[in-house]
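**Student:** Pasted the sequence and its predicted model underneath.
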Amino acid sequence: RKEVEQDPGPFNVPEGATVAFNCTYSNSASQSFFWYRQDCRKEPKLLMSVYSSGNEDGRFTAQLNRASQYISLLIRDSKLSDSATYLCVVNPNGTASKLTFGTGTRLQVTL
Amino acid sequence: DTGVSQNPRHKITKRGQNVTFRCDPISEHNRLYWYRQTLGQGPEFLTYFQNEAQLEKSRLLSDRFSAERPKGSFSTLEIQRTEQGDSAMYLCASSLAQGQGYEQYFGPGTRLTVT
């Protein structure tokens, strides 16, 4: 079983739609969680950290379910500029150490 | 620009040659990480440093790979006797050792092509 699993997509949605991505992780002791965004042939950019209580940043909402070892990202009112690959990321150690990435979910927002 | 920088951005080399990449982290960050990413995959951890100390190495880091951070600032990643399977994007990231949720910030990467 992969340490971090994501549906690779692609998710094709019209502009203005709401889209949700899910991710599961295998290490129940994992402490820190993140969503990164990666544009084609570019570096990953931190989108948001995921906190136990859930958190929201504008149109983006992240949720963590420790019991189910499940992380989600909700994007409301999708924009063309949201088209990218979204990487689910887990820090197994909960310290400033290595990150474990999922393979990413590709989102394409269309007119 | 005060972000993570990497050089070169692209490198084409012939199989069997040695290559070296450089990473300059965000200035106040004392942790520096190397990852490798191939097409269709997420980045995979290679190694990381706190200051000049190399704290962890992945099993992906074969004997042909060596990384250094001699003065606790910039880091180099060397690949000896390159193989076609080494073709990938090599990403560097940096973070603080504590605080801010240990968030890592990535440089633009060095894309290596081994012919």
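**Tutor:** Perfect, I can see it now.
**Student:** and chain A, which of its residues are near chain B?
**Tutor:** A:4, A:8, A:32, A:34, A:41-46, A:49, A:87, A:89, A:91, A:94-104 (CB under 8 Å from any CB of the partner chain). Yep, even glycine has a C-beta here, placed from its N, CA and C like the rest.
**Student:** same thing but at 7 Å, please
**Tutor:** For chain A, the contact set with chain B under CB under 7 Å from any CB of the partner chain comprises A:32, A:43-44, A:46, A:49, A:87, A:91, A:95-99, A:101-104.
**Student:** and the gap between the spatially most central residue of chain B and chain A?
**Tutor:** In chain B, the residue lying closest to the centroid (CA atoms, centre = their mean) is residue B:34, at 3.2 Å. Per CB to the nearest CB, to the nearest Å, residue B:34 is found 10 Å from chain A.
**Student:** got the contact list for the closest residue to that residue other than its chain neighbours?
**Tutor:** Nearest in space to residue B:34, with sequence neighbours left out and distances taken as CB to CB, 6 or more residues apart in numbering or on different chains, is residue B:46 at 4.2 Å. Residues near residue B:46 by CB atoms under 7 Å, 6 or more residues apart in numbering or on different chains: B:34, B:35, B:36, B:58, B:60, B:61.
**Student:** for chain A, which spans come out with low pLDDT?
**Tutor:** Within chain A, the set of residues satisfying pLDDT under 70 comprises A:94-96.
**Student:** re the thing from before, greatest separation within the contacts of residue B:46: which pair is it?
**Tutor:** Greatest spacing in these, by CB to CB: B:35 and B:61 (11.1 Å).
**Student:** Looking at the two, which is more packed in?
**Tutor:** residue B:35 (27 against 19; other CB atoms under 10 Å in any protein chain shown).
**Student:** Can you classify the more buried one by secondary structure?
**Tutor:** Of the three states, residue B:35 takes strand according to DSSP: H, G, I helix; E, B strand; the rest coil.
**Student:** surely it meets residue B:47?
**Tutor:** No. Using CB atoms under 7 Å, residue B:35 makes no contact with residue B:47, being 9.2 Å away.
**Student:** Report pLDDT for residue B:99.
**Tutor:** Model confidence at residue B:99, given as pLDDT, is 62.
**Student:** Now for whichever residue of chain B sits closest to chain A: which residues touch it?
**Tutor:** Using CB to the nearest CB, the single residue of chain B nearest to chain A is residue B:42, 3.0 Å away. If you count contacts by CB under 7 Å, 6+ apart, residue B:42 has them with A:87, A:101, A:102, A:103, A:104.
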